[in-house]
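>>> The following comprises the amino acid sequence and a computationally predicted model.
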Amino acid sequence: MTEASGTLSSDEMDAGSDLPYISVPKKGSGQASPLPPLIFRTQTSLPEPATAVRRYRDLGVIVRDSSWLPVWNPVATSAWARRISQSLPFDSILIELPPGKLKRLEEDAALRRRLHGLILELADNGVATGLVINDPALFLAPERGRILELITALENLPLAVMLLEIDRVLAPPGQEDLPLIDALVNLSVGVTVRSPWPVGMILRPYQLDQGELGGRLEKNAIDFIALRLEDLSRDSVRGIEPFLAIYPRAQFRIIPSLNAGVQGNGRNIEKTGNLLERMERWHRRLQVYPNFGGILLDDLEAFGNLHP
């Protein structure tokens, strides 16, 4: 395959389909243990139904508007999970929880039970579930410590990952808020120790250099860093390769935004197949780095607006 052709040979399509577990050293242990990735992986799995779409390993999606999920609606979760798993090419779904929904979930045991059931139903269909915490107040004083209370309230959920969207509270390029960075590093330590699931932080590439944040997060062994990319260009993905090399002990995912305009090299990406082929090329390019763990598209609604 060539970049210009945009097509993949059968050999290339199969490349990287059986990837090893990503491992990180766990605190208090000299050994590396498997880090559950953004996607759900099993050593053996049931054959996919003939009507199911091809599912891509190491490719997940963020659900920004979760109001239609069975958690908030009286919908049969088993049929819903089966339909979703057969119609989407993703092996993981990360549900964004803004402040209002976070509060409801924290206070309502019935909602937590519904989410627990949905997570299990999706897992039975080969799809992992994670949460994206999008509440800036939880990362700022005086509310910062409350995220530990949130983890306690949700700790029985069988999540694959919790992802903290901290890039929205950091300073813009060329500026640094060192006290905030210090506080976020301390928060990452507390959250990683307290959380029963892997914890990631969403950052923009330039933020890794602010107050030596990248190196400090690597040293404190946060489970992974998810780098947000503003477009789908080749230059964008090439631009993160130096960070993978600079921080070899940090695990990375990338989050290309589909909402910023689904464009690549000056042209619209009109078909989902084109986008998925591009993500495969990106994955093959980056998987030479042992600390690269996959791609998470942002977001499902934008993906659904692409032509099939």
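Everything's here; your move. This is a predicted model, so every value here is computed, not measured.

>>> CA atoms for contacts and neighbours, from now on please.
OK.

>>> number of nearby residues for residue 207?
Other residues near residue 207 number 22, with proximity taken as other C-alpha atoms under 10 Å.

>>> Spit out the contact partners of it.
Listed by C-alpha atoms under 8 Å, 6 or more residues apart in numbering, the contact set of residue 207 reads 167, 170, 173, 213, 214.

>>> again with residue 250
217, 218, 221, 222, 223, 224, 225, 244, 291.

>>> All the strands of the stretch 201-308 of the chain, residue numbers only.
Here the stretch 201-308 of the chain has its strands, by DSSP state E, counting those that start in this stretch, at 224-229, 252-256, 263-264, 267-268, 292-298.

>>> hang on, I meant the stretch 51-200 of the chain
Listed in chain order, the strands of the stretch 51-200 of the chain (DSSP E, counting those that start in this stretch) span residues 56-63, 90-97, 128-133, 161-164, 199-203.

>>> The shortest one - contacts with which helices or strands?
Identification of packing neighbours for strand 161-164 by 3 or more C-alpha pairs under 8 Å, 6 or more residues apart in numbering; DSSP states H and E yields strand 128-133, strand 199-203.

>>> Kindly report the same for the second one.
Based on contacts counted as 3+ C-alpha pairs under 8 Å, 6+ apart, the elements that strand 90-97 packs against are strand 56-63, strand 128-133.

>>> Output those as TSV; include the columns mean neighbour count, distance to residue 194 and mean pLDDT.
Formatted as TSV, the helices and strands packed on strand 90-97 follow (neighbours: other C-alpha atoms under 10 Å; distance: least, C-alpha to C-alpha, whole Å; pLDDT from 0 to 100):
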stretch	mean neighbour count	distance to residue 194	mean pLDDT
strand 56-63	23	24	92
strand 128-133	24	16	96
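
>>> could these go into a markdown table alongside distance to residue 111?
What follows is the helices and strands packed on strand 90-97, written out as a markdown table (distance: least, C-alpha to C-alpha, whole Å):
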| stretch | distance to residue 111 |
| --- | --- |
| strand 56-63 | 18 |
| strand 128-133 | 14 |
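
>>> List the contacts of stretch 139-155.
106, 112, 137-138, 166, 169, 180, 184, 187, 190-191, 194-196.
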